[in-house]
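In: Prediction below, plus the sequence it came from.
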Amino acid sequence: MTSSNSITGWILAGGRGTRMGRVDKGLQPFQGSTLVSHVLARLAPQVSTIAINANRNLPQYQALAAGITVVPDQLQGYEGPLAGLQTGLRHCATDLLLTAPCDSPFLPADLAARLHAALLEHDADVAVAVTLEVDDAADGGASPAPRRQLHPVFSLLKASLLPQLDTYLATGARRMEGWFNTLRVAEVLFDDASAFRNINTLEELQRHERDVAVTPALATDIAAAAGSDADPLPVDQARQLMLDRIAPVDATEQVTLHGALDRVLAADIISPINVPAYDNSAMDGYALRGADLPVDGMSAPVTLAVIGVAYAGRAYTGCVGAGQCVRIMTGAAMPVGCDSVLPQELATAIGIDTVTIAHGAIRAGANRRFAGEDLAQGGVALAAGTVLRPAHLGLVASLGIGQVTVRRRLRVAFFSTGDELRSLGQPLDDGCVYDSNRYTLFGMLTRLGCEVLDLGIVRDDPHALEAALRTACRDADAIVTSGGVSEGAADYTRDIMALLGDVAFWKLAMRPGRPLAFGQVRAGDSAGDARAWLFGLPGNPVAVMVSFYLFARPALLRMMGAASPSIMLRARAAQPMRKRPGRTEYQRGIVSTGADGAPQVRLTGAQGSGILSSMTDANCIVVLAHGQGHVAAGDMVDILPFDGLI
Ligand code: AMP
Ligand code: MG
């Protein structure tokens with residue numbers, strides 16, 4: 001960003017703090033420091049120099065940063081933000097002044113850059129941030145479009161405006177909007193309305209104080225990677241952006257082994273014992289001393305005296321001497337003195353109390369299992385993050401452990417959006433389709449081990465969408481929606497998602513499933529700090545499934561604390577496949593065993609993103625890489641088998 005060279009950041013901290021009981025707002029404690037220091041930290045990287053406008057407690061503001069300028073209003077008597085602005089313009093040594101209030105700790109990371117770009121583009125006097133808000137007061141059930149909300153205290157102004165402002169204030173007028181009306185204003189729409197939240201009351205302050213952390217505004221943070229028509233975002237990059245931001249849920253619970261199937265282990269399991277606990281036999285046969293075996297160069301067999309029997313669970317307690325052996329069963333403890341087992345089928349001859357062994361039948365040490373060779377006492381038997389499958393349950397049981405600590409189940413809410421959708425049981429009106437996505441999502445989420453919350457079909461109506469998102473946010477860790485995220489979509493989904501949270505809208509270099517929304521939404525005031533990750537998947541039924549597997553699934557697994565990479569295999573293309581370079585394509589395939597015994601894959605036919613039968617006919621997805629062009633029959637391609645995935 002080159003714009004910061006010419007911009008002075010100006011923090012407005014000169015208010016009376018009336019709604020906070022006249023405390024000095026900027027200096028209120030907030031998440032380990034003060035409100036104003038959060039603003040300072042977010043603004044500083046965006047500007048060349050920064051100063052504060054305050055009307056009291058000047059030394060405390062001065063102490064925030066070495067050499068920082070703190071200037072009180074020229075107009076006496078707490079005359080409002082315009083008075084602060086006047087002071088700012090007067091002290092501004094650069095061409096431009098960027099204002100931000102001291103109680104906006106979430107301000108966007110690209111505030112200066114975007115306002116500056118708009119100022120230049122429109123040759124304006126001032127560039128002002130705007131967000132979309134939904135009016136809570138619905139009138140008679142009508143659904144008003146989101147309203148544009150101007151944020152005049154977040155504006156970038158030319159320093160040369162000072163004489164005009166002096167003149168305006170001299171008339172006794174004090175409203176920012178009033179003065180802006182006399183100027184050329186460029187409005188800049190920001191997606192993330194919550195970034196402009198200010199904290200007005202002590203109660204709000206306390207509520208925000210409970211937030212986990214002031215997360216960097218995600219949407220703006222990754223805006224540079226949004227992708228465009230000309231330059232869509234590569235799949236791997238988008239997935240990484242997502243994974244980098246998601247952390248596992250903290251809560252854990254104790255479950256019995258029966259209840260642990262498919263759950264995610266929350267802590268390493270350390271083996272309390274050696275498994276096996278003692279040296280034992282791997283075969284039914286004869287336990288003997290390796291030193292008694294026929295030695296190299298000696299062609300004559302050796303005959304040993306059988307002096308006892310060792311059973312699994314009933315050891316032979318005597319001592320085995322030279323020339324002796326013990327009949328032994330699989331799993332029985334090795335008798336003292338023995339180090340090898342001759343499988344009974346390798347004995348040359350078996351007498352009443354003897355056994356004869358030919359030269360070379362076994363080597364010394366053969367068929368003996370060592371204590372701890374499976375799991376050593378004190379070692380990590382299973383690592384945290386393991387998804388417990390049947391083998392894991394068995395292994396935990398082999399340690400004598402009957403309960404394990406697992407992460408709590410993830411709660412995932414999901415709904416479909418679209419006026420054209422009908423639920424099962426409803427008549428299918430003209431131009432309508434049955435909602436199938438909710439069923440695929442139900443299946444995929446359930447398979448993943450999530451607790452699911454089906455919120456039904458949500459109409460393309462801002463109030464309904466907002467209500468659904470808020471409910472989902474209160475009740476779930478994550479929200480998966482389908483439909484309404486493409487740019488051309490004639491609905492409000494994108495606007496409402498942006499309004500309720502910190503959401504990025506991506507154009508991905510993939511097919512199917514180009515548009516995707518990802519971010520964090522907040523339930524809003526009444527629900528405290530409830531938040532949920534949002535995965536806004538496209539509407540087309542195949543696109544939903546593909547983007548679920550590629551984006552939502554790995555992200556949800558990360559939230560579950562699970563280490564569960566999907567396995568890509570290679571198969572020979574049994575037919576040519578058309579493919580355009582510059583995007584990753586996920587074609588539906590049927591993998592089978594070719595005549596030579598090696599895997600081969602063919603496509604399921606029409607590959608349209610609405611053709612769900614292309615998924616039901618398939619048993620794998622053929623992944624054609626970003627840079628790849630057409631595939632010839634016989635070429636090797638990557639496949640993602642459905643088994644274990646779906
Ligand atoms: P959209 O992304 O909302 O523009 O939807 C893209 C296409 O997917 C449209 O043809 C929709 O009718 C279809 N679609 C959206 N949601 C669903 C759903 N839940 N079930 C079946 N089709 C859907
Ligand atoms: Mg739609």
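Out: Received the coordinates, thanks. Ligands and ions are numbered 1, 2, ... in the order given.
In: contacts, neighbours, all on C-alpha from now
Out: OK.
In: How about the secondary structure of A498?
Out: Going by DSSP: H, G, I helix; E, B strand; the rest coil, the secondary structure assigned to A498 is helix.
In: From M242, how far out is the residue of the stretch 101-250 of the chain found nearest ligand 1?
Out: Evaluated by C-alpha to the nearest ligand atom, the stretch 101-250 of the chain has D229 as its residue closest to ligand 1, separated by 16.5 Å. Summarising the geometry, the distance separating D229 from M242, computed by C-alpha to C-alpha, to the nearest Å, is 21 Å.
In: Have a look at those two and say which one is more surrounded.
Out: For D229 versus M242, neighbours defined as other C-alpha atoms under 10 Å are more numerous around M242 (18 against 9).
In: Let's verify the more buried one: helix, strand, or coil?
Out: At M242, secondary structure determined by three-state DSSP is helix.
In: the helices in the stretch 301-450 of the chain, which residues?
Out: Remark: helices of the stretch 301-450 of the chain, listed N- to C-terminal, are 390-398, 437-447; assignment by DSSP state H, counting those that start in this stretch.
In: Please identify the deepest-packed of those.
Out: The densest packing among the helices of the stretch 301-450 of the chain, expressed as mean neighbour count by mean count of other C-alpha atoms under 10 Å, is seen in helix 437-447 with a mean of 18.
In: can you tell me which of the helices of the stretch 301-450 of the chain comes nearest to ligand 1?
Out: Ranking the helices of the stretch 301-450 of the chain by proximity to ligand 1 (C-alpha to the nearest ligand atom) places helix 437-447 first, at 4.1 Å.
In: Residues of the protein that sit close to ligand 2?
Out: Counting by C-alpha under 5 Å from the ion, the positions of the chain adjacent to ligand 2 are 418, 483-484.
In: what's the lowest-pLDDT member of those?
Out: pLDDT across these is at its lowest for G484, which sits at 89.
In: count of neighbours near it?
Out: Number of residues near G484 (other C-alpha under 10 Å) recorded here: 25.
In: Pretty sure D495 is one of the things it touches, is it not?
Out: No. The pair G484 / D495 is not scored as a contact, 9.9 Å apart, by C-alpha atoms under 8 Å.
In: The residue of the stretch 101-250 of the chain closest to ligand 1: what's it in contact with?
Out: By C-alpha atoms under 8 Å, 6 or more residues apart in numbering, the residues touching D229 are K507.
In: and it, helix, strand or coil?
Out: With three-state DSSP as the criterion, D229 reads coil.
In: right, is stretch 607-619 up against ligand 1?
Out: No. With C-alpha under 6 Å from any ligand atom as the measure, stretch 607-619 is seen stopping short of ligand 1, the closest distance being 6.8 Å.
In: picking that back up, want to throw the helices of the stretch 301-450 of the chain into CSV with mean pLDDT?
Out: Formatted as CSV, the entries for the helices of the stretch 301-450 of the chain read as follows, by pLDDT from 0 to 100:
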stretch, mean pLDDT
helix 390-398, 96
helix 437-447, 97
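In: Same list, those, but as TSV with distance to W10 please.
Out: Supplementary listing: these in TSV, determined by distance: least, C-alpha to C-alpha, whole Å:
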stretch	distance to W10
helix 390-398	59
helix 437-447	48
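In: Buried residues, the lengthiest helix in the chain. List them.
Out: When every helix of the chain is counted residue by residue (DSSP state H), the longest turns out to be helix 462-475. Buried residues in helix 462-475, counted by 16 or more other C-alpha atoms under 10 Å: 462-466, 468-475.
In: Of these, just say which sits nearest to A383.
Out: Distance to A383, by C-alpha to C-alpha, is smallest for D475 among the buried residues of helix 462-475, at 30.0 Å.
In: From T440, how far off is the closest one?
Out: Distance of D475 to T440, given as C-alpha to C-alpha: 21 Å.
In: Residue numbers of the stretch 301-450 of the chain in contact with ligand 1?
Out: 416-418, 434-438.
In: can you tell me which strand in this protein is longest?
Out: Secondary structure of the chain read by DSSP state E shows that its longest strand is strand 147-158.
In: Between the two ends of stretch 41-49, what distance do you get?
Out: Its start and end residues considered, stretch 41-49 measures 12 Å (C-alpha to C-alpha).
In: among the helices and strands of the chain, which has the poorest mean pLDDT?
Out: helix 218-221 (a mean of 52; mean pLDDT, DSSP states H and E).
In: ok, for the residue positioned nearest the centre of the chain, nearest residue in space, not its chain neighbours?
Out: Most central residue of the chain, judged by C-alpha distance to the mean C-alpha position with C-alpha atoms, centre = their mean, is A555 at 3.3 Å. Residue nearest to A555 in three dimensions, not counting chain neighbours: L243, with 5.9 Å by C-alpha to C-alpha, 6 or more residues apart in numbering.
In: tell me the contacts of that neighbour?
Out: Residues counted as contacts of L243 (C-alpha under 8 Å, 6+ apart) are 554-555, 558.
In: Distance of it relative to F548?
Out: Noted for L243: a distance of 14 Å to F548, by C-alpha to C-alpha.
In: before we move on, what about T446?
Out: Taken as C-alpha to C-alpha, the spacing of T446 relative to F548 amounts to 13 Å.
In: now D279
Out: 49 Å.
In: try Y586
Out: Relative to F548, Y586 is positioned 12 Å away (criterion: C-alpha to C-alpha).
In: still on that earlier bit, so which of the contacts of L243 sit within helices?
Out: If you go by DSSP H, the contacts of L243 have 554-555, 558 in helices.
In: Turn those residues into a markdown table, including distance to A287 and pLDDT.
Out: Shown next, in a markdown table, are these (distance: C-alpha to C-alpha, whole Å; pLDDT from 0 to 100):
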| residue | distance to A287 | pLDDT |
| --- | --- | --- |
| P554 | 51 | 94 |
| A555 | 54 | 95 |
| R558 | 50 | 94 |
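In: quick one on the thing from earlier: need the contact partners of the longest helix of the chain.
Out: Outside helix 462-475, the residues touching it (C-alpha under 8 Å, 6+ apart) are 134, 143-146, 411, 413-414, 455, 458-459, 478-479, 492-493, 496-497, 500, 521-524, 527, 530-532.
In: Is it correct that R90 is in contact with L162?
Out: Yes. Taking C-alpha under 8 Å as the contact criterion, R90 and L162 are neighbours in contact, 6.7 Å apart.
In: CA atoms only for stretch 342-355, dumped as CSV, please.
Out: Taking Å, rounded to 0.1, in the frame of the first residue of the first chain, the C-alpha atoms of stretch 342-355 are listed here in CSV:
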residue,chain,number,x,y,z
LEU,A,342,9.5,-74.5,16.6
PRO,A,343,6.1,-74.5,14.9
GLN,A,344,4.7,-78.0,15.4
GLU,A,345,4.3,-78.5,11.6
LEU,A,346,8.1,-78.1,11.2
ALA,A,347,9.0,-80.9,13.6
THR,A,348,10.7,-83.8,11.7
ALA,A,349,9.3,-86.4,14.2
ILE,A,350,7.2,-86.2,17.3
GLY,A,351,7.6,-89.0,19.9
ILE,A,352,5.7,-89.6,23.2
ASP,A,353,8.1,-87.3,25.1
THR,A,354,10.4,-86.1,22.4
VAL,A,355,10.5,-83.9,19.3
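In: For burial, what's the neighbour tally of G172?
Out: 8.
In: Could you do the one 3 residues further on as well?
Out: Residues lying near R175 (other C-alpha under 10 Å) number 16.
In: Kindly report the same for the one 3 residues further on.
Out: In terms of burial, G178 registers 11 neighbours under the definition other C-alpha under 10 Å.
In: Would you double-check that it falls in a helix?
Out: Yes. Going by three-state DSSP, the assignment for G178 places it inside a helix.
In: Tell me, what's the model's pLDDT at it?
Out: Here the pLDDT value assigned to G178 is 91.
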